[in-house]
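Q: Based on what follows, work out the 3D shape:
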Amino acid sequence: MFDMVMKGMTRIAVSGHRGLPLRTVRLIDEAIREMLRAHAPHLVGLSCLADGADQIFAQAILDLGGTLEAVIPAQRYRDGLPGDSHARYDELLSRAAVIHRLDYTESTSESHMVASARMLDSADSLLAVWDGLAARGYGGTADVVAEARQRGVPVHVVWPTGSRRD
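A: The predicted model follows:
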C-alpha cells in the first residue's frame, strides 16, 4: 500500500508539535504554505491528522490543490485527540484521497511511531514542525526527525521566530 508513488508528485510527510498557541498556529501555517507553494499543486501530503502541526499541514496541502493521504495509527486514534479537534479531524479525513489504517487498536506512542515510520516509507521528504528539543515521549517529533535522518530522508524544519509550545 505504501509503495504507491504518484508519478510527478512530491510526497511530503509531516511530524510536529501539538497543543500550539494561536499565534504559533498562524506563524506555522504561513511558513508551511510558503514551503509547499514551490511544489503545488503537484504534491501529496502524508499526515496522521493529529491536532496542531498535522492538521495545519493537511489543510495547507488541500488548499494548495495537493492530495492528502491520511495514516491512522490505531482504531481508537480519534478518541485520543482533544475533543475540540475532532470536527477538523473528521473533515480532513473525509477529504483524504487515500486512508492507510494501521492494525493497532489503542492509540499509543508505539502506534504513533510506527505510523510515522510508515509515512517515511513512501515520502520524498519530512516537514518537521519542531522546536529542536528532545521528544517529550517516545514517538515525538524529535524521534521522527531522527528516524528520517537515519534513513536519508531529507528533513525540512519549520519553527518560525516567535513560535512556542504549550
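Q: Contacts for the longest helix along the chain next, please.
A: Longest helix of the chain, by residue count under DSSP state H: helix 22-37. Surrounding helix 22-37, the residues in contact under the criterion C-beta atoms under 8 Å, 6 or more residues apart in numbering are 12, 16, 20, 43, 45, 52-53, 56-57, 59-61, 63-64, 66, 127, 129, 156, 158-165. Quick note: C-beta positions are derived from backbone N, CA and C, even for glycine.
Q: now stretch 86-95
A: Counting by C-beta under 8 Å, 6+ apart, 47, 49-51, 55, 58-59, 62, 68, 70, 72, 78, 81, 99 sit against stretch 86-95.
Q: Output that stretch in PDB with nothing but the alpha carbons.
A: Output of stretch 86-95 as PDB, limited to C-alpha atoms (Å, rounded to 0.1, in the frame of the first residue of the first chain):
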ATOM      1  CA  HIS A  86     -12.500  16.000  16.400                       C
ATOM      2  CA  ALA A  87     -14.600  18.100  13.900                       C
ATOM      3  CA  ARG A  88     -11.500  19.200  12.000                       C
ATOM      4  CA  TYR A  89     -10.000  15.700  12.100                       C
ATOM      5  CA  ASP A  90     -13.300  14.300  10.700                       C
ATOM      6  CA  GLU A  91     -13.400  16.900   7.900                       C
ATOM      7  CA  LEU A  92      -9.800  16.300   6.900                       C
ATOM      8  CA  LEU A  93     -10.200  12.600   7.000                       C
ATOM      9  CA  SER A  94     -13.300  12.800   4.700                       C
ATOM     10  CA  ARG A  95     -11.200  14.800   2.200                       C
END
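Q: can you give me the offset of that stretch from its chain's centre?
A: The chain centroid and the centroid of stretch 86-95 are separated by 14 Å under C-alpha atoms, centre = their mean, to the nearest Å.
Q: Please apply the same query to stretch 158-166.
A: 16 Å.
Q: The chain should start at 552 in everything you say after this.
A: From this message on, residue numbering opens at 552, which makes the last subject stretch 709-717.
Q: which other residues reach that stretch?
A: For stretch 709-717, using C-beta under 8 Å, 6+ apart, the contacting residues are 567-568, 570-572, 574-575, 578-579, 581-583, 586, 678-683.
Q: Thanks a lot, see you next time.
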